[in-house]
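K.L.:
3D, please:
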Amino acid sequence: MTANNLGSLLESIIPIVRKGGETIMEIYQTDFEVKGKADSSPVTLADERAEQVMVPLLKALLPGVPVIAEEAVAAGEMPDVADTFWLVDPLDGTKEFINRNGEFTVNIALIVNGVAVLGVVYAPAQGRLFAGAVDSCAFVEQSTGRSDIRCRVVPEAGLTVVASRSHGDSAALDSFLGQSGHTVADVVNAGSSLKLCLVAAGEADVYPRLGRTMEWDIAAGHAVLSAAGGRVEAISGEPLEYGKPGFENPHFVAWGHSR
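P.N.:
Model (predicted):
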């Protein structure tokens, strides 16, 4: 796909993600029930309904392109993965949704030959939507309108590190930062795929994830970060790719454009 094609497709994804966000916010205002999945992670009606809204729209947009969606996979539905496929996380940060802190997101990414080439991350409770297509654009939409985003050069004072609010391992994080050789000016906590977007928007410099994640958790944020000039690497330093058996990620680090 060319940059122009990706940019056009990105615009088509935005209303689909917003529809998912509208569905989630309707349930957010209610006394919703929390259930447990087979892996003991929580799930709500919002996860399920948002996925039910978005998946048919993606299938209609690119007929024949498989859709790998978190709740469908949890229910045992596993389409064959081709060179091109969608990754959907209808509600990333379910714990943040349950805690009603607003730090949850809707995520759609397109994968081509193992690379997250475009993605949209929408935080409906915050009114912020991040979008990016590789070799095309990266931007944020909010109440003030749309503006381009770009990773920043690390300030002289040192790195701002963003860490998980609900899945933190402070000892592992401290060990990683101590071995990185970088000066750390600040550590901030955030939920869901917003952490990748904060790096993309120049509000943080690095996001180390030293715990379990699935591909649908991070693919959309990865695409936004790549489009903004950043990168996501396995701890070994190799680029993080998609379509892995089981869709589970290794530990990784998301960097802004300058270390």
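K.L.:
In terms of secondary structure, what does the helix ranked longest in the chain contact?
P.N.:
Longest helix of the chain, by residue count under DSSP state H: helix 3-28. Contacting helix 3-28 under the criterion 3 or more CB pairs under 8 Å, 6 or more residues apart in numbering; DSSP states H and E are the following elements: helix 45-61, strand 84-92, strand 105-112, strand 115-123, strand 128-133, strand 137-142. For glycine as for every other residue, the C-beta is placed from the backbone atoms N, C-alpha and C.
K.L.:
Looking at those, which is nearest to Ile27?
P.N.:
With CB to CB as the measure, helix 45-61 is the member of these nearest Ile27 (4.1 Å).
K.L.:
on that earlier part again, if you compare the helices and strands packed on helix 3-28, which one is most tucked away?
P.N.:
Of those, the one with the most neighbours on average (mean count of other CB atoms under 10 Å) is strand 105-112, at a mean of 29.
K.L.:
Can I get it in PDB? Just the C-alpha atoms.
P.N.:
Coordinates of the C-alpha atoms in strand 105-112 are reproduced here as PDB (Å, rounded to 0.1, in the frame of the first residue of the first chain):
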ATOM      1  CA  THR A 105      -9.000   3.200  24.700                       C
ATOM      2  CA  VAL A 106     -10.500   1.700  21.600                       C
ATOM      3  CA  ASN A 107      -7.800   0.400  19.200                       C
ATOM      4  CA  ILE A 108      -7.700  -0.700  15.500                       C
ATOM      5  CA  ALA A 109      -4.600  -1.400  13.600                       C
ATOM      6  CA  LEU A 110      -3.800  -2.800  10.100                       C
ATOM      7  CA  ILE A 111      -0.900  -5.200   9.800                       C
ATOM      8  CA  VAL A 112       0.900  -5.800   6.500                       C
END
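K.L.:
For that strand, which helices and strands make contact with it?
P.N.:
Using 3+ CB pairs under 8 Å, 6+ apart as the contact criterion, the secondary-structure elements in contact with strand 105-112 are helix 3-28, helix 45-61, strand 84-92, strand 115-123, helix 215-227.
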